[in-house]
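S.K.: generate coordinates for the sequence data below:
(2 chains)
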Amino acid sequence: GQSLEQPSEVTAVEGAIVQINCTYQTSGFYGLSWYQQHDGGAPTFLSYNALDGLEETGRFSSFLSRSDSYGYLLLQELQMKDSASYFCAVEIYNQGGKLIFGQGTELSVKP
Amino acid sequence: DAGVIQSPRHEVTEMGQEVTLRCKPISGHNSLFWYRQTMMRGLELLIYFNNNVPIDDSGMPEDRFSAKMPNASFSTLKIQPSEPRDSAVYFCASSLGSSNQPQHFGDGTRLSIL
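M.R.: Below is the predicted model of the structure:
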């Protein structure tokens, strides 16, 4: 089967850098995605890594290493509005875009 | 452009009643996903459709749950009879269905079964 592990909670201060890790046990996937969910809201897409390495989108970056079965989301210059839950997800081969989600990491940004 | 539209936003009903949740995917998207989210179990995939055809319903918890997609612009998730443990937020999402295409989520239906 497939499973993804994330820390349940992370706390950081405004302006800092935080890294949210995701380790997975799965095979045959296209890529690793990250989604953000504010309390009570819809999950929204942040980033996608199909290949190993770093993808940068503004203050957010995401990394994938298939050989290590590991990825992370890096958030820089943290802002209060970044307080949310962050989910990693893998897209399974030949499943019409089906995603398997991790349990999510709740990020709290303090002043 | 309109995103994924779900209705109702909130539903409160008594156990034993039938509940129908509705979803309109983004036009042109050919994959549709129904999720359930609770504190205990996180975000669970219930069922997904590709080109209106159910592909994987292994996440549907029981026979009380059923889902249909009669056309490309509409899907329903039905619970009959409902039970208190079905209380959760139910999300619908759609995507273009090929690799590297993000899923777009609706705002969800917050369901409470009394």
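
S.K.: for chain A, what lies in contact range of chain B?
M.R.: A:30-31, A:33, A:41-45, A:48, A:50, A:87, A:91, A:95-104 (C-beta under 8 Å from any C-beta of the partner chain). The C-beta positions use only the backbone N, C-alpha and C, and glycine is treated the same way.

S.K.: are any of those residues buried, and which?
M.R.: A:30-31, A:33, A:42-43, A:45, A:48, A:87, A:91, A:95-104 (16 or more other C-beta atoms under 10 Å in any protein chain shown).

S.K.: what's the helix or strand for the residue most central in space within chain B?
M.R.: With distances taken as C-alpha atoms, centre = their mean, B:Trp34 lies nearest the centre of chain B, 3.1 Å away. Per DSSP states H and E: B:Trp34 is located in strand B:31-38.

S.K.: if you average pLDDT over that strand, what comes out?
M.R.: Summarised as a single mean, pLDDT over strand B:31-38 is 95.

S.K.: tell me which helix or strand comes right after it.
M.R.: strand B:42-50.

S.K.: check which helices and strands that next one sits against.
M.R.: Secondary-structure packing of strand B:42-50 (3 or more C-beta pairs under 8 Å, 6 or more residues apart in numbering or on different chains; DSSP states H and E): strand A:99-101, strand B:31-38, strand B:53-56, strand B:65-71, strand B:74-79.

S.K.: if we use 10 Å, what do you get?
M.R.: Here strand B:42-50 touches strand A:84-92, strand A:99-101, strand B:31-38, strand B:53-56, strand B:65-71, strand B:74-79, strand B:88-95, going by 3 or more C-beta pairs under 10 Å, 6 or more residues apart in numbering or on different chains; DSSP states H and E.

S.K.: partner strands of the shortest one, with direction?
M.R.: What that stands for is strand A:99-101. strand A:84-92 (antiparallel) (DSSP bridges).

S.K.: same check, this time on the fourth one
M.R.: Neighbouring strands of strand B:53-56 in its sheet, by DSSP bridges, are strand B:42-50 (antiparallel).

S.K.: and the partner strand, which residues are buried?
M.R.: B:43, B:45-50.

S.K.: wait, the residue nearest to the centre of chain B sits on B:Leu46?
M.R.: Yes. Assessed by C-beta atoms under 10 Å, B:Trp34 is found in contact with B:Leu46 at 4.5 Å.

S.K.: what do these two both touch?
M.R.: B:57, B:59-60, B:65, B:67, B:77, B:90-92 (C-beta atoms under 10 Å, 6 or more residues apart in numbering or on different chains).
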